[in-house]
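> here's a sequence, model it:
(chains A and B)
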Amino acid sequence: MRFIEYLIGIASDGLPTQKGFQSQPMYIFLNIAIPVLIGLLMGWIIKLIEKFIVIKKRRGN
Amino acid sequence: MEKALPLFPVVEYWARFQGIDYQVNNISLIALGLVVGIMTGFFGIGGRFLMTPLLNILFNVPYNVAVGSEICQMVGTSSMNIMKLRKMGNVDYKLAVILLGGAIIGVELGAHILEVLKMAGNITLMGQSIGLMFLILSTVYAGLFLWLGTIIYRESRVAFKGNLEIGDMTALQFNMTARLQTIRIPPMVSLPVSGIETISLWVVVGVGFVTGLLVGFLGVGFSFIGMPALIYVLGCPMVVAMSTDLFQGLLAMGYGTFSHSLKGNIDLVLVTVLLITTTVGMQMGTALARRFTGPRMRQGFALVSFLIVLLSAFKIVNQLGLIPFPF
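Residues are numbered from 1 along each chain as shown, chains lettered A, B, ... in the order given. Okay, here's the model as predicted:
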């Protein structure tokens, strides 16, 4: 939940009317960094699952 | 005491700015992410293209936020796929750099057009006030899906008759590739990795520009237009096109995210929820697709495309106050 709250705070930096607008470089940086990190993490998890399934299948054969 | 921020602050801000009642909640968003992910995995290329119009049709997310957040999500998907790039190899770096030059200009122009439409506000049509951005983007999406659905439906019907394998180049496509390679506007470049002896630099830049424009304006994925353009328009081999498109697509979408960030069009909470759910859905869809193959699947995608056309048309008619919208 804290992560979501943090994201909401960062997202509000993109709004010209919000208080945090001054820290816009952080908003831009995180807009690129967060999807890249999530993408790499998900890719790694999928790779791991695929590896596990392949090993299980081989053992099954 | 300070008022707590809404869960989707950027969506909320731009919806209020455009006088729209947005209806995003966590559960429905997770469901949408999973459904679009499953369709992407099941149908292959093109599934993600559904996300932007569906965000607007179902939840009233303003198009500028739907497009910006979709591009941002695609950065995540591309980084996930880039892990496979090491295995695939075959990136034509020279081609990627030239394409990127055109793509960046296209992405910026697309984002700028969206910005102009966003700031244009509402117009009066048939006595009703309607958002100009909503009207134009809904019409463009409906037109694109109609075109796409028709092409895929026709292709699958031909494949049913056994005259054409899905993905085969038609005589028309061969003709177009040959014609473009005969354009002699200097400077000419040679792309040995892609097996292209000589081609005008402007043709390659033009392909990058058009792809970038559609990405920046509509939030359409690079693999959706970029890869077919590399194969059918420039005549790249499939394996080179895949790797090159993935590599330059990531860089161009990174720029798109930067540009849309400057315009305040990205909602990080929306991006995070959708990125995780669509990735999970894509894996489920890919597993499902192994059981169903052939032209029937393509016909399924054509049907989904026609459904989007109908929903977009309904929504426009509803905004004009002619009929109530079911959602």
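
> quick one, helices of the chain?
With no chain named, the answer covers chain A. Secondary structure of chain A (DSSP state H): helices at A:2-11, A:24-60.

> my question was about chain B
Taking DSSP H as the criterion, chain B carries its helices at B:9-17, B:26-43, B:51-59, B:63-88, B:93-120, B:132-160, B:171-181, B:201-218, B:222-228, B:238-262, B:268-289, B:295-319.

> what comes up buried for the last one?
So the one you mean is helix B:295-319. For helix B:295-319, burial by neighbour count (16 or more other C-beta atoms under 10 Å in any protein chain shown) applies to B:295, B:297-302, B:304-306, B:308-309, B:311-312, B:314-316, B:319. C-beta here means a position set from N, CA and C on the backbone, and glycine is covered the same way.

> okay, the angle between it and helix B:26-43?
140 degrees (axes from the mean of the first three to the mean of the last three C-alpha atoms, to 10 degrees).

> please apply the same query to the fifth one.
The directions of helix B:93-120 and helix B:26-43 differ by 140 degrees, with the same axes, to 10 degrees as the criterion.

> burial count for B:Leu270?
Residues near B:Leu270, counting by other C-beta atoms under 10 Å in any protein chain shown, number 29.

> hmm, B:Val61 and it touching each other?
Yes: B:Leu270 is within contact range of B:Val61, at 7.5 Å (criterion: C-beta atoms under 8 Å).

> joint contacts of those two?
Residues touching both B:Leu270 and B:Val61 (C-beta atoms under 8 Å, 6 or more residues apart in numbering or on different chains): B:Val11, B:Val24.

> just to revisit the earlier point, worst average pLDDT in the helices of chain B?
Set side by side, those show their lowest mean pLDDT on helix B:171-181, which sits at a mean of 61.

> before we move on, back to that, quick one, which of the helices of chain A is nearest to chain B?
Taking C-beta to the nearest C-beta, helix A:24-60 is the member of the helices of chain A nearest to chain B, at 3.3 Å.

> buried sites along that closest one?
Quick answer for helix A:24-60 (16+ other C-beta under 10 Å): A:24, A:27-28, A:30-32, A:34-36, A:38-39, A:42-43, A:46.

> same check, this time on stretch B:317-326
B:Gln319.

> distance from it to the middle of the chain?
In terms of C-alpha atoms, centre = their mean, to the nearest Å, the centre of stretch B:317-326 is set 27 Å apart from its chain centre.

> need the residues of chain B near chain A, please.
Applying C-beta under 8 Å from any C-beta of the partner chain, we find that chain B lies next to chain A at B:5-10, B:13, B:72-73, B:75-81, B:83, B:254, B:257-258, B:260-262, B:264-269, B:271-272, B:275-276, B:279, B:283.

> which residue is nearest the centroid of chain B?
With distances taken as C-alpha atoms, centre = their mean, B:Val220 lies nearest the centre of chain B, 1.3 Å away.

> mind checking pLDDT for that residue?
What the model reports as pLDDT for B:Val220 is 82.

> same question for the one 10 residues further on.
Reading off the confidence values, B:Leu230 has pLDDT 80.

> for B:Phe59, list the residues it contacts.
For B:Phe59, the contacting residues are B:Tyr22, B:Gln23, B:Val24, B:Ser28, B:Leu29, B:Leu32, by C-beta under 8 Å, 6+ apart.
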